[in-house]
Structures are given as C-alpha cells and as structure tokens.
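**Student:** 3D, please:
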Amino acid sequence: MQGDTISAIATAQGEGGIGIIRLSGGQALEIAGKMFRPASGNSLDSYASHRAVYGRIVDEDERTVDEAMVLIMKGPHSYTREDVVEFQCHGGVMPLRKTLALTYSHGARPAEGGEFTKRAFLNGRLDLSQAQAVMDIITAKTDRSLKMAAGHLSGQFSQQIKNFRQEILGQIAHLEAAIDFPEDEVDDVVTEKVAEKVIEIRNYITKLLKTAGTGRILRDGLMTAIVGKPNVGKSSLLNALLQEERAIVTDIPGTTRDSIEEYANVGGVPLRIIDTAGIRATEDVVERIGVEKARQMINDAALVLALFDGSRPLDAEDEEILELLQGQEAIVLLNKSDLQSMVTAEELSAKANVPVIEISTKENHGLDALAQAIQQKVYGGEVIADEGSFVSDERQANLLRTADNHLAAALQTIEAGMGLDFISIDLRSAWEKLGEITGDTVGEDIIDEIFSKFCIGK
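**Tutor:** Prediction:
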C-alpha cells in the first residue's frame, strides 16, 4: 500500500449528469467524513463497505456545496486494494472543482496520471499487461479493439506469458538439479528434454508474435490515406466510411486543399483515415502544398486507398498515381460504378498489377467488398482468433522477440555441448524478459513511463 491518499476527478471535463471524484488511500474514509454529511445523520465510517450513501458535501463552514451519493469501498476489496471513496456529484465544472479542492484541504494530494491503476498494479490486483489494458479499454475505437483490451484486462494474454515462464522455470529447475547431482550423469537426457520444451515454447511465441501487427492496428488504428486526382470521389468515400458528412463535396476540382483526418470503424478495424488533396499540376500555391502532402502521405501511410474515376478515361494524372503506388500497401478502387463506364476494372487491374474493387460512393455500392479487403490486409487471411490473446503493443512484441532470442541461444548452447549452467543462464534471461511483460521483473522507470500515458483519475 502507498503511504498517502490521492484524489482526482474521474470523469471527463465538461457538463454532465454526474461527475465523479475518487479518493484512494489510508485516509480516504477520514477525509470523506470531514466533508460529507449523510442524510441519515450517521457518521460515514459507520457504513459497511460497498454501500452507496446519500447526503451533502459541505465546506469548512458547513455550507452545502452539492448533494451527492458517496460509494464506500474498503480495502482490499476495491480497485486499488486500498480504501476508496467516490463522490458522485452533479456533473458541472464548479461543484466538481470545489469538491476536489475540499479533498485537498482535508489532506489528500492530487493524483498523478494513471496513479489509481498504478496502485492497483503495485498492490497486486492487476499485472502490468492488465493495467495497460485499462487505458486500451478507454480508448478502444471498435468492437474488436474493445474485445482485445477486455481480454487483456481479464488476464487472457498475461496467463499465456505466465504459462511460458512456468515452463521455463521448470526446465531451469531440471538443469540445476542435474548440476547439483553430477554423479547421476544424466546430462544428455536432461538437455534433450530441455531442448524439446524450449522448441515447443518458441513455437508458441512465434504464433503469438504473428498477432502483433494486428494487435497494434486494433489498438492504435491503421493509418490510411485516400488518394486520387481531383473529383474522383475521395471526400465522398471518407463520408461514406464515416457515415456522416465530414468533408465538403462539390463538383469543383481542388475543393480539398489540405488533409482531413478522422477515425472510422470499417469491418471492425479502426482506420485513421486521411483524406488528401487531389493530385494534379496546379498554379494555386495553397493547393500545391496540399498536393505535395498527398504525395508524401502515400509513402507514410500503412495503407493507401487509391481512387480512380470509372466514368472518365485514364489520363496522365492517373498514370502518375499508379507510379506512386509502386511498392506501397494499397487497395485500388474504381469509383462511380453507377455511371457509364469508360474504364473497366480489368483494364485498371492490368495497369495497377493488383485486384480492383468497383464501388459507388453515391450509392454505397462495393463498400462491403472494401471492408473485406481491409480485413484481409489486417488479419492476413488467417482465421480470426480470439483478439483477447493478441500482442497489443510494440513493447510487448519486443520483449517476446528478446525472450525468443534467449531461447534460441539456449538451443545453440545445447548443440555446442556446453555446460548445463550456461544453458540455465540463457533460460533465466528469457524468463526475466517475459516477466517484464507482466511486471514481475520490470524496473520502476518502465512502470513510471507506462503509467505516465494514462489520464488523471484512472
């Protein structure tokens, strides 16, 4: 447990029906008792844990600040495993600020970003992977990203890591037993069994690492650029994917002169979509800057949606875009399938050297096929496994790769016929690296860095 009591507003800024202020620490009940008057007339500390109590928040002069409900959660049966009190006030700026100031004047200190969850981790309620998932749940943008975060929070991912560590620890124990009793002369038998187990663990880690790219996309969104020449329907496609009129659509070329960025849920995949200016030669200084940004975005984006107008013959501007797509991860779209066709999908596919999807942003035709193509890109055509067991960020992926390298080194040590203690060193290094994922062997500086990314109040 931590020595002091922390306090913060736990709900979003602005006006709302309810605003919550959270206290956690050894003095949480005492501080709450100084500023809250239950309507029953009883003292707050007389109530049992996990009770909601109605009453008034008062200042130092016993003047009412707000009517509120107070939730009492006594440790260790709380989010932080400390005594926790939550004030459910009216969700206006002034009552929340005044109530928060009262918690400070009675002995609490302002909570740092993510400090409540950090305390839950330090007090053993969550491991580090579960703690990271708390913020992922808050920021989830699609049902699948929420499913992945919820799976991590429930321990689905970290349990796999703990199983790996337990298996490795078992092999270390076998090696150390053989070292302690050399008269048994079973080195070959021990090393053979250790090698079999290490290969098995490495195979599991390889499968897990294959989910890393998908996991990061579900967590952070896939950076996607919509490109094409003017008036091919780029802004209309953005609006269709967002299902709202976000971008201005006109028949005037060059309407979009700068990049527009939005998040969209397409087939369960969160896309960070950037609608770019139409690529063409122009004398307009502002539009020319937008066109250069569009060209650069083709190189920077993880996925390019390249749009072509099927109602007009391909021209030099289209040819330039096809050149820019070379070597890029792209989906080619032939728009305006509702109009008289001047370019067929087969003709465009032959030039682009990739399959072409025919769409109509006006009639929302072909968008399901586009969603399937995006899913194919993200999931790699494999059967979609349970997202709750995916690797969700680069830190986890790097630690898994490093642990796998140590396991590979252990196999090389066995093949070289080196001593059992050298094999044990490699295995212990892998065991420690996996422990950094769950927080069992992680340093304080890494912990501080992870929780610094959390919002205050969580």
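**Student:** all strands of the stretch 51-200 of the chain, in order?
**Tutor:** Here the stretch 51-200 of the chain has its strands, by DSSP state E, counting those that start in this stretch, at 51-58, 64-73, 84-91, 109-110.
**Student:** Sheet partners, orientation included, of the first one?
**Tutor:** Pointing back at strand 51-58 there. Counting by DSSP bridges, the strands paired with strand 51-58 are strand 36-38 (antiparallel), strand 64-73 (antiparallel).
**Student:** in the last one, what's buried?
**Tutor:** Pointing back at strand 64-73 there. Val65, Asp66, Ala68, Val70, Leu71, Ile72, Met73 (16 or more other Cβ atoms under 10 Å). In short, each C-beta sits where N, CA and C put it, glycine included.
**Student:** can I get those in CSV with pLDDT?
**Tutor:** What follows is the buried residues of strand 64-73, written out as CSV (pLDDT from 0 to 100):
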residue, pLDDT
Val65, 95
Asp66, 95
Ala68, 95
Val70, 97
Leu71, 97
Ile72, 96
Met73, 96
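**Student:** List the contacts of Ile31.
**Tutor:** Taking Cβ atoms under 8 Å, 6 or more residues apart in numbering as the criterion, Ile31 is in contact with Thr5, Ser7, Leu23, Val85, Thr103, His106, Gly107, Ala108.
**Student:** Tell me, how many residues neighbour the residue nearest to it when sequence neighbours are not counted?
**Tutor:** Spatial nearest neighbour of Ile31, excluding adjacent residues (Cβ to Cβ, 6 or more residues apart in numbering): His106 at 4.5 Å. Neighbour count for His106, taken as other Cβ atoms under 10 Å: 18.
**Student:** cool, and the one 10 residues further on?
**Tutor:** Applying other Cβ under 10 Å, we find 26 other residues in the vicinity of Phe116.
**Student:** got a list of what it touches?
**Tutor:** Ile6, Ala8, Ala10, Arg22, Ser24, Tyr79, Thr80, Gly457, Lys458.
**Student:** Closest to Ile172 out of those?
**Tutor:** For these, the minimum distance to Ile172 (Cβ to Cβ) is 33.9 Å, reached by Thr80.
**Student:** for Thr224, helix, strand, or coil?
**Tutor:** strand (DSSP: H, G, I helix; E, B strand; the rest coil).
**Student:** Can you add distance to His90 and give the strands paired with strand 51-58 back as a markdown table?
**Tutor:** Shown next, in a markdown table, are these (distance: least, Cβ to Cβ, whole Å):
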| stretch | distance to His90 |
| --- | --- |
| strand 36-38 | 15 |
| strand 64-73 | 6 |
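**Student:** nearest to Thr139, of the ones you listed?
**Tutor:** strand 64-73 (24.8 Å).
**Student:** Relative to the whole chain's centre, how far out is that closest one?
**Tutor:** 33 Å (Cα atoms, centre = their mean, to the nearest Å).
**Student:** got the CA positions of that strand in PDB?
**Tutor:** C-alpha atoms of strand 64-73 as PDB (Å, rounded to 0.1, in the frame of the first residue of the first chain):
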ATOM      1  CA  THR A  64     -23.700  22.900   1.300                       C
ATOM      2  CA  VAL A  65     -21.500  22.600  -1.800                       C
ATOM      3  CA  ASP A  66     -23.600  19.900  -3.600                       C
ATOM      4  CA  GLU A  67     -26.000  17.000  -3.000                       C
ATOM      5  CA  ALA A  68     -24.200  13.700  -3.800                       C
ATOM      6  CA  MET A  69     -24.000  10.000  -3.400                       C
ATOM      7  CA  VAL A  70     -20.900   8.500  -1.800                       C
ATOM      8  CA  LEU A  71     -19.700   5.000  -2.600                       C
ATOM      9  CA  ILE A  72     -17.500   3.400   0.100                       C
ATOM     10  CA  MET A  73     -15.200   0.500  -1.000                       C
END
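**Student:** partner residues bridging Met223?
**Tutor:** The residues that Met223 bridges to, once DSSP bridges is applied, are Arg272.
**Student:** buried sites along stretch 324-340?
**Tutor:** Quick answer for stretch 324-340 (16+ other Cβ under 10 Å): Leu324, Leu325, Ala330, Ile331, Val332, Leu333, Leu334, Asn335, Lys336, Ser337.
**Student:** Just the ones in helices from these, please.
**Tutor:** Leu324 (DSSP state H).
**Student:** could the buried residues of stretch 324-340 go into JSON lines alongside pLDDT and distance to Leu169?
**Tutor:** Compiled in JSON lines, the buried residues of stretch 324-340 are given as follows (pLDDT from 0 to 100; distance: Cβ to Cβ, whole Å):
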{"residue": "Leu324", "pLDDT": "84", "distance to Leu169": "52"}
{"residue": "Leu325", "pLDDT": "86", "distance to Leu169": "50"}
{"residue": "Ala330", "pLDDT": "88", "distance to Leu169": "46"}
{"residue": "Ile331", "pLDDT": "91", "distance to Leu169": "46"}
{"residue": "Val332", "pLDDT": "91", "distance to Leu169": "51"}
{"residue": "Leu333", "pLDDT": "91", "distance to Leu169": "52"}
{"residue": "Leu334", "pLDDT": "91", "distance to Leu169": "57"}
{"residue": "Asn335", "pLDDT": "89", "distance to Leu169": "58"}
{"residue": "Lys336", "pLDDT": "87", "distance to Leu169": "62"}
{"residue": "Ser337", "pLDDT": "83", "distance to Leu169": "60"}
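**Student:** Mind telling me what element Asp448 is part of?
**Tutor:** Using DSSP states H and E, Asp448 sits within helix 444-451.
**Student:** got the buried residues for that helix?
**Tutor:** For helix 444-451, by 16+ other Cβ under 10 Å, it's Ile447, Ile450, Phe451.
**Student:** which residue packs closest to Gly155, ignoring adjacent ones?
**Tutor:** Gln130 (5.9 Å).
**Student:** Let me fix that, I meant to ask about Lys98.
**Tutor:** Val65 (5.1 Å).
**Student:** Who are the contact partners of that neighbour?
**Tutor:** Taking Cβ under 8 Å, 6+ apart as the criterion, Val65 is in contact with Arg56, Ile57, Val58, Asp59, Pro95, Lys98, Thr99, Leu102.
**Student:** Also Gln328?
**Tutor:** So Gln328 contacts Ile298, Asn299, Ala301, Val304 (Cβ under 8 Å, 6+ apart).
**Student:** just these now: which is nearest Ala264?
**Tutor:** Ala301 (14.1 Å).
**Student:** Now that the closest one has come up, it's in contact with Gly221, right?
**Tutor:** No. Counting by Cβ atoms under 8 Å, no contact exists between Ala301 and Gly221, whose distance comes to 11.6 Å.
**Student:** all strands for the stretch 301-450 of the chain, in order.
**Tutor:** Going by DSSP E, counting those that start in this stretch, the stretch 301-450 of the chain shows strands at 303-309, 330-335, 356-358.
**Student:** Can you redo those strands as JSON lines, where the extra columns are distance to Val442?
**Tutor:** JSON lines is the format used below for those (distance: least, Cβ to Cβ, whole Å):
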{"stretch": "strand 303-309", "distance to Val442": "33"}
{"stretch": "strand 330-335", "distance to Val442": "39"}
{"stretch": "strand 356-358", "distance to Val442": "45"}
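**Student:** Perfect, that will be all.
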